[in-house]
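Participant: have a look at this prediction, sequence included:
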Amino acid sequence: MSYVAVKGGEQAIQNAEALLQALRRGSPEVPELGLEQIKQQMSLAVHRVMAEGSLYDPDLAALAIKQSWGDLVEAVFLLRAYRTTLPRFYYSQPIDTSQMHLLRRISSIFKDVPGGQRLGPTFDYVHRLLDFQLAAEGNHFIPPETEAPAEPVPRVIDTLDQEGLIQPELPENDHAPTPPTANLSTPPPSRSPAPPPPCPPPTDLTRQPLTTPANRDARLQNLARADEGFLLGLAYSTQRGYGKTHPFAGEIRVGQVEVVICPEELGFEVAIGEITVTEVQMVNQFAGSKDVPPQFTRGYGLTFGYNERKTMSMALVDRALRAKELGEEVKSPAQNEEFVLYHSDNVEAQGFVQHLKLPHYIDFQAELNLVRSLRQNPSETADQGT
């Protein structure tokens, strides 16, 4: 049987695109899905695409979902590609999540927390049964009346921090374990200590290529853009023993935070709007060492939108990736920085996998000829095997 190259052309590609557009639209007798409907009724999909696409714009994310025929990875690809065309005028200041206007806020480590628990909208307590009422037209649901906290509420983790029971967050590039507290009876030095060196600017993976070993800021940015399913699998692996962690959900927050810029021409900060974010802080056990007393350690996650499962997974993987920093043995996939960071990006991953659909006629012909030659000359095969 002989193999020949398949011939195609511009008309075939145009026909394929036209067929895609027709199937994406569906029957003309069914009302077309609008962007506002996607934003309002498929908001979790919109939030995921914004988070993994590194662009906070619900309208564009909804458009990407519609254009991609509901394929969220393809929608992420479209959003990232569009983002590369946009000019960048300013860098925003770090958002202050302690000032978050809370939609949801829970902790699994303390029942009573300052500011109270706030369940918010969640699937956690509903039955996983199909609701056939949703198949009918004209469903209207009235949200209950709730009161948002009048003042920002403190973080749950601060309670452990005040007692010195959790490892404090360290400046970037300073991964040394925190030494025990100094003897308070020691007299203070005669002169003021030198101020700490300024923190280097954070890594920007949208403009700088990823390299390993990576600082924690680069790892967190990579994880925030990573594929949710991949992170979820890794996070699950750490809970099954593939990683030296025993996690607790210290605090999960979902809400709106203010975005602030500081234009040089003005010389002062200006709030330009609010965005929805999800923040998760995991609490993990740490046995300590000869220099550090037993204490808890942290895993951190922060993403655009209401992305609770993704952000929890991010926090679990962040903690697993801190193994070297904490002197733990690296032996599990979730602890392997190179493996996690280079394989978690769904845009890059889908490019490598889906390129296999493109023509490889010449490569395969070479492989085919080689196999035929080896089958015709068994002695050569034996020589190569040795």
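Facilitator: Thanks, I have it.
Participant: can you show me the helices along the stretch 201-350 of the chain?
Facilitator: Per DSSP state H, counting those that start in this stretch, the stretch 201-350 of the chain carries helices over the ranges 216-225, 228-239, 308-320, 337-343, 346-354.
Participant: what comes up buried for the fourth one?
Facilitator: Buried residues in helix 337-343, counted by 16 or more other Cβ atoms under 10 Å: 337, 340-341, 343. Any C-beta I mention is one placed from the backbone N, CA and C, and that applies to glycine too.
Participant: nearest to Tyr306, of these?
Facilitator: Val340 (24.1 Å; Cβ to Cβ).
Participant: how many neighbours does Glu279 have?
Facilitator: 22 (other Cβ atoms under 10 Å).
Participant: same check, this time on Leu23
Facilitator: Counted with other Cβ under 10 Å, Leu23 comes out at 9.
Participant: same deal with Gly273?
Facilitator: 9.
Participant: that one against Val260, yeah?
Facilitator: No: assessed by Cβ atoms under 8 Å, Gly273 is found out of contact with Val260, at 9.6 Å.
Participant: need the pLDDT of Leu184.
Facilitator: Note for Leu184: predicted pLDDT of 35.
Participant: pLDDT weak spots in the chain?
Facilitator: 1-8, 148-150, 170-199, 287-288, 379-386 (pLDDT under 70).
Participant: outline the domain layout of it.
Facilitator: 20-83, 90-120+152-167+208-346 (automatic domain parsing).
Participant: contacts only, for the residue nearest the centre of the chain.
Facilitator: By Cα atoms, centre = their mean, the chain has its centre lying nearest to Ala224, at 2.6 Å. Taking Cβ atoms under 8 Å, 6 or more residues apart in numbering as the criterion, Ala224 is in contact with 51, 54, 301-304, 314.
Participant: against Ala135, how distant is it?
Facilitator: Between Ala224 and Ala135 the distance is 36 Å, computed by Cβ to Cβ, to the nearest Å.
Participant: Gln221: neighbouring residues, count only.
Facilitator: 21.
Participant: would you agree it is in contact with Arg207?
Facilitator: No: counting by Cβ under 8 Å, Gln221 sits too far from Arg207 to count as a contact (11.2 Å).
Participant: show me where the protein has strands.
Facilitator: For the chain, the strands defined by DSSP state E occupy 101-106, 247-261, 270-286, 295-304.
Participant: tell me the most buried of those strands?
Facilitator: strand 295-304 (a mean of 22; mean count of other Cβ atoms under 10 Å).
Participant: thinking again about what came up before, now, among the buried residues of helix 337-343, which is nearest to Pro94?
Facilitator: Leu341 (22.2 Å).
Participant: where's the closest one relative to Thr211, distance?
Facilitator: 9 Å.
Participant: again with Pro143
Facilitator: 47 Å.
Participant: those two - which one has more neighbours?
Facilitator: More neighbours surround Thr211 than the other of Pro143 and Thr211, with 10 against 6 (other Cβ under 10 Å).
Participant: what's the neighbour count on Val73?
Facilitator: 18.
Participant: tell me who's in contact with it.
Facilitator: 227, 346-347, 350.
Participant: kindly report the same for Ala226.
Facilitator: Contacts of Ala226 (Cβ under 8 Å, 6+ apart): 52, 314, 344-346.
Participant: next, format the residues you listed as JSON lines and append distance to Leu60 and neighbour count.
Facilitator: Listed next are the contacts of Ala226 as JSON lines, based on distance: Cβ to Cβ, whole Å; neighbours: other Cβ atoms under 10 Å:
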{"residue": "Glu52", "distance to Leu60": "13", "neighbour count": "28"}
{"residue": "Met314", "distance to Leu60": "23", "neighbour count": "32"}
{"residue": "Ser344", "distance to Leu60": "23", "neighbour count": "21"}
{"residue": "Asp345", "distance to Leu60": "20", "neighbour count": "20"}
{"residue": "Asn346", "distance to Leu60": "18", "neighbour count": "20"}
